[in-house]
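S.K.: Build me a model:
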Amino acid sequence: MHNILSGRIIKINSILVAIIIAANLVTISLSILTGLDKNLIIIPFIFCLLISILLNKGKNAIIIILLSVFFLLFFFFSYLQVGVNIYLIEYFQSFLIFGVISFFVVAQPFDHEKVLHYTMVIYGFLSLVLLEMDIQNMPAGNKLGFGYLILPAILGSMYGLFKPKLKPFIKLFYLFIFIWYGYFMVLAGTRGAYFSIVLYVFILLYLKSNLNYKKFITLLVLISISVVVYLNMMEILLNLKEILYSLNIDSNFIDKSIIKIQNDNVDNGRYELYEIAFYSFSKSWMYGNGIGFFQYLNDIYVHNVFLEMLDEGGILLTIPVTICVIYGTFLMFLSKKIDKGHKLFLCFVFCLAIPKVMVSSIYWKEQSFWIFLMVTILLSSGRRLTTEK
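M.R.: Numbers count the residues shown, from 1 in each chain. From the prediction side, this is the model:
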């Protein structure tokens with residue numbers, strides 16, 4: 001009876017983690033159903049937190065508290081340093097929702113394979129929501145968010161299609177998810193989302209190769225293909241644009257990339273932001289200038305998680321987080337202490353989080369980033385994500 005109950009709890013915990021991953025699409029669905037558009041993001045997070053509290057008995061509570069307090073201390077120091085500003089409050093609220101709640105839910109025992117499957121089920125159930133969105137006429141900023149919105153569906157379905165010994169109807173379901181969301185990715189995907197997909201394929205192929213020489217050959221081939229694509233990027237994009245045009249399909253990613261290359265503005269002005277952030281960090285390298293202060297001063301965020309951390313919390317914030325990210329990467333590629341299933345889940349979360357916060361988002365507002373940190377810490381401390389055999 002205990003094992004059956006434990007199995008049910010793990011299954012429910014897995015559903016809760018999947019809801020957290022898909023929370024942005026769930027929120028848009030709630031907005032369409034209710035006609036409301038403010039503060040709905042809190043609903044799936046609070047729901048998951050309450051269910052998780054009722055089901056679990058505070059497992060890994062010390063890790064949750066220590067990790068949360070570490071980041072909350074920087075908000076306190078920022079308040080003492082620069083006082084209250086609109087972005088300090090906004091990021092504080094975001095961390096409580098996207099960070100602390102994600103810590104609590106992910107720290108409970110769950111099955112990583114079930115999480116990926118339930119995430120696909122959620123995206124499958126909500127697939128018709130995309131038809132209610134005017135994707136072709138979206139502002140550029142919304143298209144940027146849309147590509148990342150559907151990214152979990154693309155990566156998760158690819159994981160399922162790569163996975164052997166799945167029942168045919170489940171494979172067919174994953175194929176449907178990939179084709180459906182892949183079509184919308186072609187319409188509105190951005191360079192960052194495409195980079196995440198390519199990176200995921202590279203890592204997936206690498207992890208799927210069991211023998212060392214196969215891994216080496218796979219990596220060498222992938223690097224060679226990347227170099228060839230990079231050297232011929234403009235020609236490839238123009239040919240793709242012509243093919244899609246013949247099919248009456250416009251691709252935001254291709255159009256935007258061609259314009260950026262032609263205007264020699266591939267970095268989209270981010271390099272200047274990086275220079276400003278680094279200069280600002282150099283004036284207060286130990287403890288930074290305060291959370292949200294860069295955006296308060298420049299009316300734009302840094303567009304790079306590590307430079308943003310350096311500016312906000314100095315090396316006191318950046319070094320521990322960087323070590324955690326590097327160690328998570330080590331666990332994916334080189335560690336022998338975790339099995340391939342855990343590595344593949346870590347790879348999934350890594351590709352959702354790290355490319356996005358490196359160039360396109362504020363890390364305080366990215367649940368996938370906090371999930372990656374928590375999963376890395378749990379695995380590095382010798383804990384399995386699930387106790388289920």
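S.K.: Count the neighbours of Lys365 for me.
M.R.: Neighbour count for Lys365, taken as other Cβ atoms under 10 Å: 20. C-beta: built from backbone N, CA, C; applies to glycine.
S.K.: was I right about it contacting Phe98?
M.R.: Yes - if you go by Cβ atoms under 8 Å, Lys365 and Phe98 touch, sitting 5.7 Å apart.
S.K.: Would you mind listing the buried residues in the longest helix along the chain?
M.R.: Ranked by residue count and defined by DSSP state H, the top helix of the chain is helix 305-333. Buried residues in helix 305-333, defined by neighbour count with 16 or more other Cβ atoms under 10 Å: 305-314, 316-318, 321, 324-325, 328-329, 331-332.
S.K.: now swap in stretch 67-80 and tell me
M.R.: In terms of neighbour count (16+ other Cβ under 10 Å), stretch 67-80 has its buried residues at Leu67, Ser68, Phe71, Phe74, Phe75, Phe77, Ser78, Tyr79.
S.K.: Give the buried residues for stretch 154-167.
M.R.: Quick answer for stretch 154-167 (16+ other Cβ under 10 Å): Ile154, Leu155, Gly156, Ser157, Met158, Tyr159, Gly160, Lys163.
S.K.: Secondary structure and pLDDT added to these, as JSON lines?
M.R.: Listed next are the buried residues of stretch 154-167 as JSON lines, based on DSSP: H, G, I helix; E, B strand; the rest coil; pLDDT from 0 to 100:
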{"residue": "Ile154", "secondary structure": "helix", "pLDDT": "95"}
{"residue": "Leu155", "secondary structure": "helix", "pLDDT": "95"}
{"residue": "Gly156", "secondary structure": "helix", "pLDDT": "94"}
{"residue": "Ser157", "secondary structure": "helix", "pLDDT": "94"}
{"residue": "Met158", "secondary structure": "helix", "pLDDT": "92"}
{"residue": "Tyr159", "secondary structure": "helix", "pLDDT": "91"}
{"residue": "Gly160", "secondary structure": "helix", "pLDDT": "89"}
{"residue": "Lys163", "secondary structure": "coil", "pLDDT": "84"}
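S.K.: can I get the residues you listed in TSV with distance to Val26?
M.R.: As requested, the buried residues of stretch 154-167 are exported to TSV (distance: Cβ to Cβ, whole Å):
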residue	distance to Val26
Ile154	17
Leu155	17
Gly156	15
Ser157	18
Met158	21
Tyr159	20
Gly160	20
Lys163	25
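S.K.: now, among these, which is nearest to Leu49?
M.R.: Gly156 (22.9 Å; Cβ to Cβ).
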